[in-house]
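Student: The sequence and its predicted three-dimensional model are supplied below.
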Amino acid sequence: MITREAEAFDAYPNAINTPGQIIDLRTGETYPNNPQWLFTKITSGRYIPGYAHADWEQALTALDPAERKWYQRRIGQAITGHPPSDGIMPVLCGPGENGKALDISTPMLTANRGWTTMGELVAGDEVYGPDGQPAKITMAHPVRYGRPCYR
C-alpha cells in the first residue's frame with residue numbers, strides 16, 4: 001500500500017489539469033499529464049491556446065475597455081483560489097436565469113453601515129468578500145421588479 005499525506009494532493013494552485021495536459025496558470029507553459037502531480041480533479045474541456053468563445057467575447061463588450069483586462073484576470077484568478085490583493089469583489093448582474101438575482105430583502109452585512117438589505121446597498125458601501133475583508137461596491141444597479149429571485 002502506498003500512503004500520502006492529504007496536503008500532497010492538489011498541491012499546485014497555479015496549475016490546472018486538463019484531459020490533454022497540465023497548464024501552469026502563471027506562465028501558460030504546458031506539461032504532459034502526470035499522475036505524480038497527484039491531481040484529484042480534471043477539467044472536462046481540453047486547453048486550446050488562443051481559443052475564444054463567442055459568448056465570453058460578447059459578455060466582455062458589456063465592460064468599459066479599460067476594465068476588460070482586469071476582469072479577465074480576476075475571473076482567471078478564481079481558478080487558483082488565491083484571494084485578490086485589491087479587495088474588490090465583482091458582483092455580476094445581467095439578463096438570464098443564472099442565479100445572480102437576490103431578493104431585495106436579503107440581509108447584507110456591511111463594514112460601514114452594519115446590517116442592511118440587498119435593496120438598500122449603494123455605491124460606496126463595503127460588503128464582506130469571501131476572504132472576510134471589506135470590498136467596496138463601486139456601482140449599484142437599480143432594483144428590477146417582477147423577476148424570480150433567491151432569498
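Tutor: Good, I have the coordinates. Only a predicted model underlies this, so the values are computations on that prediction, with no experimental measurement involved.
Student: If you count contacts, what does the longest helix out of those in the chain end up packed against?
Tutor: The residue-count maximum for a helix in the chain (DSSP state H) belongs to helix 65-77. Counting contacts by 3 or more Cβ pairs under 8 Å, 6 or more residues apart in numbering; DSSP states H and E, helix 65-77 packs against helix 54-60. Every C-beta, even on glycine, is put in place using the N, C-alpha and C of the backbone.
Student: Buried residues of whichever helix or strand comes after the longest helix of the chain, list them for me.
Tutor: As assigned by DSSP states H and E, the chain's next helix or strand after helix 65-77 is strand 107-110. Across strand 107-110, burial judged by 16 or more other Cβ atoms under 10 Å covers 108, 110.
Student: And for stretch 121-141?
Tutor: Quick answer for stretch 121-141 (16+ other Cβ under 10 Å): 121, 125-127, 129, 135-137, 140.
Student: average pLDDT for that stretch?
Tutor: Stretch 121-141 carries an average pLDDT of 82.
Student: One more: stretch 74-89?
Tutor: 78.
Student: quick one on the thing from earlier: quick check, nearest of the buried residues of stretch 121-141 to S44?
Tutor: Distance to S44, by Cβ to Cβ, is smallest for G129 among the buried residues of stretch 121-141, at 28.1 Å.
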